[in-house]
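A.B. asks: mind folding the following:
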Amino acid sequence: MGENIEEVKCDVIQRFKGIADEDEFKLRYMIGNYERIEGLRHNFSYDVDGLCSYFAGEFLKWIGKPISKRHGNSLDRFEKVFSHGFEEVRVNVGDVSWLESREDECFVAWVACRKYRGGKRYNDFGLPLRPAVHKEIYTAVKEFLVFLDITSRGKEEFVDNIRDVLSRLDESSKMFSWVKDNDDDFISWLVEYLDGKDLMEGLSSLPVSCDRVKVFKTAFFLWEAHPDTKTIFLRSARAAWSQRKFRESNRDNGRLNTYIGKKAKQALVNLADDDGVKIKDVLNKLIMNEYDRRKK
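C.D. replies: You can find the predicted model right below:
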């Protein structure tokens with residue numbers, strides 16, 4: 001006589017929770033293996049309870065009906081089959097545990113995962129393209145490294161590269177001195193300017209609330225291009241932003257082509273230097289003051 005299916009499911013959920021308590025990413029690896037073998041789309045979730053409930057349902061499908069009283073033995077086989085190879089491919093979670101309490105650094109690591117191009121890519125694992133909270137970003141980074149089909153040494157090098165990018169971000173204030181971190185107008189322009197650029201490959205969709213400036217800086221350091229190409233790109237971007245600002249500042253100005261005496265020109269230069277403004281600002285002020293005086 002078969003067992004009650006809901007009782008069996010509860011038992012299985014508790015078994016999976018026990019696996020997750022010991023090593024959450026062993027459970028995630030098992031789910032990933034199962035879904036690859038069964039041809040299912042990866043079910044990413046940073047909610048362990050939801051994963052356990054989902055996987056318990058899949059287990060019941062796997063052993064078939066009616067539910068056998070010996071489901072415990074079936075579960076042992078299930079775990080053995082779908083956890084096979086876990087120790088060989090997993091990355092030591094401790095390698096990235098330092099990201100758990102450091103949201104900014106973790107976001108940089110996530111961008112690095114999105115841009116990874118060595119074989120299978122981030123999108124191939126069904127991981128979230130627009131994670132909403134830090135916990136989901138952190139989980140996505142760890143799960144990406146668990147599923148990434150490269151050697152342990154290769155994973156260590158990947159994590160080392162993330163650390164290298166973080167150190168260069170800290171040291172790059174001069175390089176990005178023209179970049180405006182909290183300027184909405186600049187950020188809107190930057191998003192438009194970067195659209196379709198090579199260094200943004202792999203970053204077609206980003207969380208709406210993410211730090212676009214940090215994405216740009218991170219992508220720049222992760223960009224696999226010749227140093228000269230990167231230098232030229234940065235100069236071009238800076239020049240494009242300067243041109244944008246120049247056009248904006250001259251939107252309400254009319255062009256004036258004329259000549260004035262050398263002494264008058266030097267006087268204008270001196271007045272501008274004294275006030276710390278441009279010559280055109282001095283001319284505007286002098287003309288409008290004289291105009292207002294005559295109209296009184």
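A.B. asks: rest of the way, CA atoms for contacts and neighbours
C.D. replies: Fine.
A.B. asks: so for residue 254, what's the pLDDT?
C.D. replies: Note for residue 254: predicted pLDDT of 68.
A.B. asks: whoops, I mixed them up, residue 46
C.D. replies: As predicted, residue 46 sits at a pLDDT of 69.
A.B. asks: and residue 160, by the same measure?
C.D. replies: pLDDT, residue 160: 88.
A.B. asks: so it versus residue 144, what's the distance?
C.D. replies: Using C-alpha to C-alpha, to the nearest Å, residue 160 is found at 15 Å from residue 144.
A.B. asks: tally of neighbours for residue 47?
C.D. replies: Residue 47 is flanked by 11 other residues according to other C-alpha atoms under 10 Å.
A.B. asks: roughly how far does residue 153 sit from residue 160?
C.D. replies: 10 Å.
A.B. asks: who has more neighbours, these two?
C.D. replies: Set residue 153 next to residue 160 and count neighbours by other C-alpha under 10 Å: residue 160 wins out with 13 against 10.
A.B. asks: which element, helix or strand, includes that one?
C.D. replies: Using DSSP states H and E, residue 160 maps to helix 152-170.
A.B. asks: if you count neighbours, what's buried in that helix?
C.D. replies: Across helix 152-170, burial judged by 16 or more other C-alpha atoms under 10 Å covers 152, 155-156, 158-159, 161-162, 165-166, 169.
A.B. asks: report the two of the residues you listed separated the most.
C.D. replies: The most widely separated members of the buried residues of helix 152-170, counting by C-alpha to C-alpha, are 152 and 169 (26.0 Å).
A.B. asks: which helices and strands does the helix holding residue 160 pack with?
C.D. replies: For helix 152-170, the packing partners by 3 or more C-alpha pairs under 8 Å, 6 or more residues apart in numbering; DSSP states H and E come out as helix 103-115, helix 212-222.
A.B. asks: ranking these by burial, who's on top?
C.D. replies: Greatest average neighbour count among the helices and strands packed on helix 152-170 goes to helix 103-115 (a mean of 21), per mean count of other C-alpha atoms under 10 Å.
A.B. asks: that older thread, got JSON lines for the helices and strands packed on helix 152-170, with distance to residue 247 and mean pLDDT too?
C.D. replies: Output for the helices and strands packed on helix 152-170, formatted as JSON lines (distance: least, C-alpha to C-alpha, whole Å; pLDDT from 0 to 100):
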{"stretch": "helix 103-115", "distance to residue 247": "33", "mean pLDDT": "90"}
{"stretch": "helix 212-222", "distance to residue 247": "22", "mean pLDDT": "89"}
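A.B. asks: is it possible to get JSON lines of those that adds distance to residue 270?
C.D. replies: Below are the helices and strands packed on helix 152-170 laid out as JSON lines (distance: least, C-alpha to C-alpha, whole Å):
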{"stretch": "helix 103-115", "distance to residue 270": "47"}
{"stretch": "helix 212-222", "distance to residue 270": "39"}
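A.B. asks: show me what the helix or strand containing residue 53 is in contact with.
C.D. replies: Assigned by DSSP H and E, residue 53 belongs to helix 48-63. Applying C-alpha atoms under 8 Å, 6 or more residues apart in numbering, the contact partners of helix 48-63 are 9, 12-13, 16-17, 20, 24, 31, 43, 45, 67, 71, 74-75, 78.
A.B. asks: before we move on, what about stretch 188-205?
C.D. replies: Residues outside stretch 188-205 that contact it (C-alpha under 8 Å, 6+ apart) are 111, 114-116, 129-130, 212-213, 216, 219-220, 222-224, 237, 241.
A.B. asks: what about 10 Å?
C.D. replies: Stretch 188-205 is contacted from outside by 111-117, 121-123, 129-130, 179-180, 183-184, 186-187, 212-213, 215-216, 218-225, 230, 233, 237, 240-241, 244, using C-alpha atoms under 10 Å, 6 or more residues apart in numbering.
A.B. asks: please apply the same query to stretch 288-296.
C.D. replies: With C-alpha under 10 Å, 6+ apart as the test, stretch 288-296 has contacts from 283, 285, 287.
A.B. asks: among the residues you listed, which ones are buried?
C.D. replies: Among the contacts of stretch 288-296, none scores as buried (criterion: 16+ other C-alpha under 10 Å).
A.B. asks: circling back: and the helix holding residue 53, how far out from the chain middle?
C.D. replies: Its chain's C-alpha centre and that of helix 48-63 lie 30 Å apart, by C-alpha atoms, centre = their mean, to the nearest Å.
A.B. asks: using CSV, write out the CA atom coordinates for that helix.
C.D. replies: Written as CSV, here are the backbone C-alpha positions of helix 48-63 (Å, rounded to 0.1, in the frame of the first residue of the first chain):
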residue,chain,number,x,y,z
VAL,A,48,15.9,27.9,-0.5
ASP,A,49,12.5,26.8,0.7
GLY,A,50,11.0,27.4,-2.8
LEU,A,51,13.9,25.4,-4.4
CYS,A,52,13.3,22.5,-2.0
SER,A,53,9.6,22.4,-2.7
TYR,A,54,10.2,22.6,-6.4
PHE,A,55,12.8,19.9,-6.4
ALA,A,56,10.7,17.6,-4.2
GLY,A,57,8.0,17.8,-6.8
GLU,A,58,10.5,16.9,-9.5
PHE,A,59,11.7,13.9,-7.4
LEU,A,60,8.2,12.6,-7.2
LYS,A,61,7.9,12.7,-11.0
TRP,A,62,11.3,11.0,-11.2
ILE,A,63,10.4,7.9,-9.1
